[in-house]
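In: I need the structure of the sequence given here:
(one chain, ligands or ions: 2)
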Amino acid sequence: MKSILEAPFLVEMIRTTTNMYNHGWDERNGGNISLLLEPEEVAEYLDIRHVIRTIPTGFTAPELEGRYFLVTGTGKYFKNVEVAPDVNLGIVRLVDSGRQAELLWGYSDGGQFTSEFPAHMMSHVARLAVDPANHVVMHCHPANLLAMTYIHDLDERAFTRTLWQMCTECIVVFPEGVNVLPWMLCGTNEIGEATAEKMKTARLVVWAQHGIYGAGKDLDETFGLIETAEKAAEIYLKIAHLPLVNTISDEAMHLLEKRFGIKAREGYLD
Ligand code: 2HA
Ligand code: ZN
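Out: Numbering: from 1, shown residues only. Ligands and ions are numbered 1, 2, ... in the order given. Here you go, the predicted structure:
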C-alpha cells in the first residue's frame, strides 16, 4: 500500500494549512478545514476496514452516512501540520447516520476533529445539495474581514456590495455575494445549523467578530474565495476613513456580468 504522506489530498491539505498560517489567518489553534474524500481515494492508502477508534459527533447527518473526511484536529495549530500531519489531522468515516465518526488515520496523540465539526458537516450537507462537486469547508480568522465586521453594517446586501466595490474581480469570484451571521457562540450545533442555512445561498459566510467560512470544490478554489474577499476587506479598511472620490458603479458591474458570463445575486445590483 502507498504511503499516505504521498497522497495528493494530504500533500494539498498540508500546503493549504501552511499557506493559511503564513497569511496570518490562523493564529494559535484558530481555523479548521474539512475535505471530503472519495472511498476509492482513501482505499489506495489505508485499509478502510481498520477502525482505530470511534468518536461521537453530537449531531445527526444521515446525508453524510459512509462519507470520508480529512479534518484538522481540535486545539491543533495550523503552523504545526506540516511537521506532524498524523497528530494534527485525521481521516474519519461518518456512520450511524452521522452520529459516530470512525477514525481511520491520524489524531495520533488521542485527539479528535475540530470543535467546529458540526458547522463543517452541516455546511457540507448544505453545499452538496446545491453543488455535488463541493468538497471543502474552510474556516479561518482573516484580520481585515474581521475588522470590517466591527465598523460596517452587517446587512448582507450592503456588506457584499462594499466588497464587490473594492476590487473589480470580486463580483466575478463571488457573484452570489457573502452571507453574514451576527456574533454567536462558536463550536455549537446552533452556529453549525445557522452557518449551513447561510451556505444554501453563498459559498462565503462571515461570522461577525470571529472570522469566515468558505466552501468550494477543492482547496485552491476555497482558499482563493477567502483570499479575494479578504483582499477586498483590506482595501476597504485602507479607504473607509477617507473621502470616496471614485467607485465601481453598478453599470460597470453589469458589464462584468456580461464579460465573464456570471450573474450577480438577485436584487444586489441596481
Ligand atoms: O478551532 O477557529 O472557531 C479554532 C476556531 C474555532
Ligand atoms: Zn474560529
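In: any figure for the gap between Glu82 and Asn22?
Out: Using CB to CB, to the nearest Å, Glu82 is found at 11 Å from Asn22. Where C-beta positions appear, they are placed from N, C-alpha and C, glycine not excepted.
In: okay, the two: which has more neighbours?
Out: Counted by other CB atoms under 10 Å, Glu82 and Asn22 do not tie: Glu82 has more neighbours, with 14 against 11.
In: mind listing what that one touches?
Out: 14, 17-18 (CB atoms under 8 Å, 6 or more residues apart in numbering).
In: now do the SS call for Ala101.
Out: Following DSSP: H, G, I helix; E, B strand; the rest coil, Ala101 is assigned to strand.
In: can you list the residues of this structure near ligand 1?
Out: 29-32, 114-116, 139, 186 (CB under 6 Å from any ligand atom).
In: apply 8 Å and report the result again.
Out: Residues of the chain lying close to ligand 1 by CB under 8 Å from any ligand atom are 26, 29-32, 72, 74-75, 114-116, 139-141, 186-187, 207, 210-211.
In: filter those residues to the buried ones?
Out: Buried members of these, counted by 16 or more other CB atoms under 10 Å: 26, 29-32, 72, 74, 114, 116, 139-141, 186, 207, 210-211.
In: not counting its neighbours along the chain, what's nearest Arg161?
Out: Spatial nearest neighbour of Arg161, excluding adjacent residues (CB to CB, 6 or more residues apart in numbering): Tyr268 at 6.5 Å.
In: what about Leu64, how many residues nearby?
Out: As a burial measure, Leu64 scores 23 neighbours (other CB under 10 Å).
In: so who does it touch?
Out: 94, 98, 121, 124-125.
In: just the ones of the residues you listed in strands?
Out: Members of these lying in strands (criterion: DSSP state E): Leu94.
In: of the contacts of Leu64, buried ones?
Out: Neighbour counting by 16+ other CB under 10 Å classes 94, 98, 121, 124-125 among those as buried.
In: nearest to ligand 1, of these?
Out: Met121 (14.5 Å; CB to the nearest ligand atom).
In: any idea where the helices of the stretch 1-150 of the chain begin and end?
Out: Assignment of helices within the stretch 1-150 of the chain using DSSP state H, counting those that start in this stretch yields the ranges 8-22, 39-43, 85-88, 117-130, 143-151.
In: quick one: which of these is nearest Ala264?
Out: Within the helices of the stretch 1-150 of the chain, the stretch nearest Ala264 is helix 117-130; the backing value is 17.2 Å (CB to CB).
In: alpha carbons of the closest one, as PDB, please.
Out: Extracted in PDB, the C-alpha atoms of helix 117-130 (Å, rounded to 0.1, in the frame of the first residue of the first chain):
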ATOM      1  CA  PHE A 117     -17.100  19.800  13.300                       C
ATOM      2  CA  PRO A 118     -20.900  20.400  13.400                       C
ATOM      3  CA  ALA A 119     -20.600  23.600  11.400                       C
ATOM      4  CA  HIS A 120     -18.400  21.800   8.900                       C
ATOM      5  CA  MET A 121     -20.500  18.700   8.400                       C
ATOM      6  CA  MET A 122     -23.800  20.700   8.300                       C
ATOM      7  CA  SER A 123     -22.200  23.000   5.700                       C
ATOM      8  CA  HIS A 124     -21.100  20.100   3.600                       C
ATOM      9  CA  VAL A 125     -24.700  18.800   3.600                       C
ATOM     10  CA  ALA A 126     -26.000  22.300   2.600                       C
ATOM     11  CA  ARG A 127     -23.400  22.800  -0.200                       C
ATOM     12  CA  LEU A 128     -23.600  19.300  -1.600                       C
ATOM     13  CA  ALA A 129     -27.400  19.800  -2.100                       C
ATOM     14  CA  VAL A 130     -26.600  22.900  -4.200                       C
END
